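S.K.: What follows is a protein structure lacking sequence information:
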């Protein structure tokens with residue numbers, strides 16, 4: 001067990017997480033309800049309540065370098081169980097964005113999928129499934145993953161060869177442009 005000196009807490013990190021998530025992480029009293037309800041705990045290196053404690057104690061490196069924030073499905077189970085009404089899923093999301101900004105991506109395939117998804121939405125105004133799948137498979141090197149499912153999926157029309165045209169595609173593009181001008185790399 002590693003001992004942490006609270007004098008070493010990164011107060012700037014705590015303040016930034018609170019400001020960006022609009023949550024007061026200090027009100028978490030470690031009841032464990034978030035962890036008890038989390039369906040992904042079995043793959044985490046730190047449980048949800050441990051992440052909250054690491055944030056509370058300003059252990060920036062431990063939080064931003066962990067796997068848990070990348071594996072969180074944002075299902076909101078932790079948030080709905082919190083007796084102090086902390087949006088724990090939002091805290092996890094903010095930590096994931098901060099990790100990305102700092103250049104940490106402990107779960108490479110999750111980052112690749114997120115990047116592919118966002119590029120698809122930016123380009124087409126919504127997710128274009130076939131393009132998203134091709135982009136993810138190419139970037140991740142998982143080219144032949146689930147290729148045996150392709151005939152069934154294509155026959156059922158689940159992966160159209162062309163993206164669906166949508167109204168408002170230009171507005172979606174402008175959202176991405178405004179975001180980039182804001183200076184954050186999500």
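M.R.: Great, that's in hand. These numbers come from a predicted model, not from an experiment.
S.K.: which residues sit against the helix or strand of the chain with the lowest mean pLDDT?
M.R.: For the chain, the helix or strand with the lowest mean confidence is helix 150-155, at a mean of 78 (criterion: mean pLDDT, DSSP states H and E). Helix 150-155 is contacted by residues residue 159 when judged by Cβ atoms under 8 Å, 6 or more residues apart in numbering. C-betas here are computed from N, CA, C, even on glycine.
S.K.: pLDDT averaged over the helix or strand following that helix, what's the number?
M.R.: Per DSSP states H and E, the first helix or strand lying C-terminal to helix 150-155 is helix 169-181. Averaged across helix 169-181, pLDDT comes to 85.
S.K.: Same check on stretch 85-100?
M.R.: Here stretch 85-100 scores 95 as its mean pLDDT.
S.K.: Run the angle between the helix ranked longest in the chain and helix 169-181 for me.
M.R.: Secondary structure assigned by DSSP state H gives helix 108-124 as the longest helix of the chain. Counting by axes from the mean of the first three to the mean of the last three Cα atoms, to 10 degrees, helix 108-124 lies at 130 degrees to helix 169-181.
S.K.: Now do the buried residues in helix 108-124.
M.R.: Within helix 108-124, the residues scored as buried using 16 or more other Cβ atoms under 10 Å are 110-116, 120-121, 123-124.
S.K.: so how far is whichever helix or strand comes after that helix from its chain's centroid?
M.R.: For helix 108-124, the succeeding helix or strand toward the C-terminus, using DSSP H and E, is helix 129-140. In this view, helix 129-140 has its centroid 18 Å away from the chain centroid, taken as Cα atoms, centre = their mean, to the nearest Å.
S.K.: now helix 129-140 and helix 108-124, what's the angle there?
M.R.: Going by the same axes, to 10 degrees, helix 129-140 makes 140 degrees with helix 108-124.
S.K.: Which segments of the chain make up each domain?
M.R.: As assigned by automatic domain parsing, the chain contains the domains 6-101, 108-181.
S.K.: Most tightly packed of these?
M.R.: Compared across those, domain 6-101 shows the largest average neighbour count, a mean of 18 (mean count of other Cβ atoms under 10 Å).
S.K.: Could you check how far the residue of the chain positioned farthest from its centre is from residue 149?
M.R.: Of all residues in the chain, residue 155 has its C-alpha farthest from the mean position, at 32.5 Å, by Cα atoms, centre = their mean. Distance, residue 155 to residue 149, using Cβ to Cβ, to the nearest Å: 11 Å.
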